[in-house]
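[1] below is the sequence, then the predicted model.
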Amino acid sequence: MTQATTEPVYKADSLIASDIDAYLEAHQHKTMLRFITCGSVDDGKSTLIGRLLYDSKQIFEDQLASLEADSKRIGTQGQDIDFALLVDGLAAEREQGITIDVAYRFFATEKRKFIVADTPGHEQYTRNMVTGASTADLAVILIDARKGVLTQTRRHSYLAHLIGIRHIVLAVNKMDLVGYDQATYDAIVADYAAFAADIGIAQFTAMPISGFRGDNITAPSPNTPWYGGPSLIAHLEQVEIDSEADAAAPFRMAVQWVNRPNLDFRGFAGLIASGAIAPGDAVRILPSGKTSTVARIVTLDGDLDRAVAGQSVTLTLTDEVDCSRGDVIAAAADPVATADQFEATIVWMDEAEMLPGRPYWMKIGTQTVSATIQQPKYQVNVNSMAQLAAKTLELNAIGVANLSVDRAIPFTPYAENRDLGGFILIDRMTNRTVGAGMIHFALRRADNIHWQAVDVSREAHAAQKGQSPKLLWFTGLSGSGKSTIANIVEKKLYALGKHSFLLDGDNVRHGLNRDLGFTDADRVENIRRVGEVAKLMTDAGLIVITAFISPFRAERDMVRAMLPAGEFVEIHVDTPLAEAEARDVKGLYAKARSGALKNFTGIDSPYEPPERAEIHIDTTRMSAEQAADIIVEHVVGVWSYDL
Amino acid sequence: MSLTHLQRLEAESIHIMREVVAEAEKPVMLYSVGKDSAVMLHLAKKAFHPAPPPFPLLHVDTTWKFQAMYALREKAAHEAGMELLVYQNPEAKARAINPFDHGPLHTDMWKTEGLKQALDLHGFDAAFGGARRDEEKSRAKERVFSFRSANHRWDPKQQRPELWRLYNARKSKGESMRVFPISNWTELDIWQYIMAERIEIVPLYFSAPRPTYEYEGGLFMADDIARLERVMGRRPEIVERWVRFRTLGCFPLTGAVESRATTLPEVIQEMLLTTTSERQGRVIDKDAGGAGMEKKKQEGYF
């Protein structure tokens, strides 16, 4: 066995010393490739990355000295250098010996600068891999030559393909440990080819390597004379970069920011997602559909004659058209579509499961809209690619679902463009990025259901009854007294000649919502339905009273948003948990404490108290009768302004 | 037409800056007067042209920077048409904290505490910083939009995933974010860009005969001899040498390297042929063993 890398590789380019100007000139015209390495610690992933940094002289002597010392102290390669130590960054990870996040590494050759996304390979880190893959042009799938194609190989390949990576490199690693045996290599490649075809990977490039010994990394290895292909670096230097392919597509740019330094200048700033643009080109602005012509491409270095995908520019138009952040400027003859309902693949990234029906913020391009996701059509088992039924998506789950947004937005299918077809989902309470998605296509269904314009309007209904419609929304723990107080309020309103209707939680669950249980997902749907029913009733001019635990702020705010401002009156019936549990009118707390009742609010399911309730009822300080008086007075008081 | 790596890096940085301006309430750009800051400021001018960058520059000062840095600071801000805010931690000032008598406390009080105080004082909710992922191991995992709790702490386990070009800039009350628009640049990229764009940098990056002294095994420049003498209690032995600096900070903490590189190509040549990493001249990374910087960041150091 020959050591593939002796001295020559770890050496600076000779041009640096002899002719720095020529060297800089060459490096000024490099392109940039981003790629991801997929594999587990055992596959030698960190070792490979460490090797790439080492061979391209991205490691300085002081780092090398500490690497050598660390290798002997905590390394896994005996007295040899443990390249993995170069790239395992955070203290916790170094201790555990695994990478738990996404780290970005950099190295360069004469032709290209490379950004490597280094992500962990285990199934519990699917979200990290998807994150790293989202910006990659190429994926290196690592296989341990001694083990062949494993479940994780399939998972990594599926994810890389799912996220739209067009270039797949199958790096059969640790060839030194199988004696550089061609038959072993050929069998693995054949095995992988069959699987790749199954999941739709049309082509891939296989190569036998050793990250540890350096075989076929920077140059063809004498240990694999039977391999006629390029070294890994040579291949990385020549594959097509995605932005080059994007440049050939029609022009699209999401507007990030409107630049308006004075009354004479109005520029639209953004990064070109695809295509090219020049002054004089006709453009269409979405979603408005207005057309105009590009006047100038403005930069600090003077106006440009042309700009292409990947550049950040500022455009001015010849007409005073409305255009703001979130809009898309597109080629007039080939604009993007707009829609408000989509089918998409969703990757869930948060500890808290996805809740169908709950509104999330959705950021797509440069716009942020409110989106609700329906129950998934199916979830994908990332190991077997089997489609499974699912009611929700948990951390690291991948599924396909329909979703709707609160207005028509410009988009492209993800397969056409990542920038205008990929989105993230943000929790409205925690602001965490909880999911990511890729649009397949728009659903046309919405086009066929138009709102029926009615002649007798909601105002007419209300006027006939001599009242303003309201939704009195009681929320609080089980046993806090919501239903009791709500009943008294309705009696008092009835006595005052007001038209009202009480929707009680238990009663609704016997009919309209009898198919729903008490999981978080079902609770969300329960409240959504009640909200919709209550909204129809307020359209009829009624004062609607609801008494539901409704434990989540997000859903209460969702119902609030369904109604005109001022109609939603949130009433927090505030009873300490101990007090409610002591009352335990229905014996439910006892059941929950014994474990016989699951997902019980306050015990093993959270209650999020309102932050801006219109009325706060402290049941430890007043009777139900007094509470009802306060509520009726509040409602009647508000009426007196209206009437 | 293929974009070069510098064009793509530039486009990405500009995109990031515009996202912050579109989504943050009160952004600020931290400006340290070093070469990375110079590149960041240049990118900001490009991002918002013909408007001036719509945020101020903030220099968290230690009073121990090189005179040449103070000079360029004023000039650069003026030329960019931006407001320059300078903050010096009053407690550090009152206690006359200095690098000789107070060791690591010097950085803690002037820089870490000073930064927190300045951000709180002005109520900035987003601060651009010039950190790069290639600088140090724990930086490699830093997000572009990095969230800090109300007391400015960084929790590496609570970072938001960043996909595509989509940055989630939403935050809860009291939280703030540090944004690193040049995350994906390497030291070589920075130098190449400075050369290509003719960006003005502090002359200390180029070699010249300068008054130097040796201290605890390192070579330093006597930028203010009288002050050094006062604080050290003696006049250090001054020797004129051809030196330059690979990074710039407080002059008693920033190691000089002997060099004859007086032009950008020569500086780059030296950097490429050199055998020690950029941060080696600084003392910060080694404070707490291998995990020094990570610990500092959790405490709020930039």
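    Nice, thanks for sending it over.

[2] same for the helix or strand hosting residue A:441, what does it pack against?
    Taking DSSP states H and E as the definition, residue A:441 sits inside strand A:433-442. Secondary structure elements in contact with strand A:433-442, counted by 3 or more C-beta pairs under 8 Å, 6 or more residues apart in numbering or on different chains; DSSP states H and E, are strand A:337-348, strand A:359-364, strand A:398-411, strand A:422-426. Every C-beta, even on glycine, is put in place using the N, C-alpha and C of the backbone.

[3] dump those to JSON lines, plus distance to chain B.
    Output for the helices and strands packed on strand A:433-442, formatted as JSON lines (distance: least, C-beta to the nearest C-beta, whole Å):
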{"stretch": "strand A:337-348", "distance to chain B": "9"}
{"stretch": "strand A:359-364", "distance to chain B": "5"}
{"stretch": "strand A:398-411", "distance to chain B": "13"}
{"stretch": "strand A:422-426", "distance to chain B": "5"}
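
[4] so which of those is the most packed in?
    Ranked by mean neighbour count, the helices and strands packed on strand A:433-442 are led by strand A:422-426 with a mean of 26 (mean count of other C-beta atoms under 10 Å in any protein chain shown).

[5] list the neighbouring strands of that one plus their orientation.
    Sheet pairing for strand A:422-426, assigned by DSSP bridges, gives strand A:359-364 (antiparallel), strand A:433-442 (antiparallel).

[6] any chance of CSV for these, columns mean pLDDT?
    Formatted as CSV, these follow (pLDDT from 0 to 100):
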stretch, mean pLDDT
strand A:359-364, 94
strand A:433-442, 94
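
[7] strands of the stretch 101-250 of chain A, start to end?
    Taking DSSP state E, counting those that start in this stretch as the test, the strands found in the stretch 101-250 of chain A are A:103-108, A:112-118, A:138-144, A:167-173, A:205-208.

[8] mean confidence score for the third one?
    Spelled out, that is strand A:138-144. The pLDDT scores in strand A:138-144 average 93.

[9] just list what it packs against, helices and strands only.
    Secondary elements touching strand A:138-144 (3+ C-beta pairs under 8 Å, 6+ apart): strand A:31-38, helix A:45-55, helix A:151-162, strand A:167-173.

[10] can you say which of those is nearest to residue B:73?
    Smallest distance to residue B:73 across the helices and strands packed on strand A:138-144 (C-beta to C-beta): 31.8 Å, for strand A:31-38.

[11] ok, which of the strands of the stretch 101-250 of chain A comes nearest residue B:232?
    It's strand A:103-108; of the strands of the stretch 101-250 of chain A, that one is closest to residue B:232 (C-beta to C-beta) at 39.8 Å.

[12] so which helix or strand takes in residue B:211?
    Residue B:211 belongs to strand B:208-215 when elements are defined using DSSP H and E.

[13] follow-up on the earlier one: of the helices and strands packed on strand A:138-144, which shows the lowest average pLDDT?
    Lowest mean pLDDT within the helices and strands packed on strand A:138-144: helix A:45-55, a mean of 80.

[14] columns distance to residue A:120 on top of the strands paired with strand A:422-426, output as CSV?
    Shown next, in CSV, are those (distance: least, C-beta to C-beta, whole Å):
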stretch, distance to residue A:120
strand A:359-364, 25
strand A:433-442, 17
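
[15] and residue A:623, how far from residue A:544?
    24 Å (C-beta to C-beta, to the nearest Å).

[16] and residue 20, what does it touch?
    Picking chain A for this. For residue A:20, the contact set (C-beta atoms under 8 Å, 6 or more residues apart in numbering or on different chains) comprises B:265, B:266, B:268, B:269.

[17] let's do chain B instead
    Here residue B:20 is in contact with B:27, B:126, B:128, B:169, B:179 (criterion: C-beta under 8 Å, 6+ apart).

[18] would you turn the helices and strands packed on strand A:433-442 into CSV with distance to residue A:175?
    Output for the helices and strands packed on strand A:433-442, formatted as CSV (distance: least, C-beta to C-beta, whole Å):
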stretch, distance to residue A:175
strand A:337-348, 33
strand A:359-364, 44
strand A:398-411, 32
strand A:422-426, 36
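
[19] and residue A:48, which of the ones you listed is closest to it?
    strand A:337-348 (25.5 Å).

[20] run me through the strand neighbours of the closest one, direction for each.
    Counting by DSSP bridges, strand A:337-348 is paired with strand A:398-411 (antiparallel), strand A:433-442 (antiparallel).

[21] quick one, domains of chain B?
    Per automatic domain parsing, the structural domains of chain B span B:5-198+B:292-299, B:203-285.

[22] comparing these, which comes out most buried?
    Using mean count of other C-beta under 10 Å, domain B:5-198+B:292-299 ranks as the most buried of those, with a mean of 20.

[23] and residue B:234, that's in a strand?
    No: applying DSSP: H, G, I helix; E, B strand; the rest coil, one finds residue B:234 to be coil, outside a strand.

[24] of the helices and strands packed on strand A:433-442, which is nearest residue B:83?
    It is, among the helices and strands packed on strand A:433-442 and with distance given as C-beta to C-beta, strand A:359-364, at 30.4 Å.

[25] past the closest one, which element shows up next along the chain?
    Counting by DSSP H and E, the next helix or strand C-terminal to strand A:359-364 is strand A:367-373.

[26] pull up the pairing partners for that following strand, direction included.
    Paired strands of strand A:367-373, with direction, are strand A:359-364 (antiparallel), strand A:398-411 (antiparallel) (DSSP bridges).

[27] got those strands as JSON lines, with distance to residue A:343 columns?
    Shown next, in JSON lines, are the strands paired with strand A:367-373 (distance: least, C-beta to C-beta, whole Å):
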{"stretch": "strand A:359-364", "distance to residue A:343": "14"}
{"stretch": "strand A:398-411", "distance to residue A:343": "5"}
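
[28] the stretch 1-150 of chain B: strands as residue ranges?
    B:27-30, B:57-60, B:84-87, B:126-128, B:145-148.

[29] which of the ones you listed has the lowest mean pLDDT?
    Here the strands of the stretch 1-150 of chain B differ in mean pLDDT, and the lowest is strand B:145-148 at a mean of 88.

[30] that one near chain A at all?
    No: figure legend: strand B:145-148 not in contact with chain A (C-beta under 8 Å from any C-beta of the partner chain); closest approach 8.7 Å.
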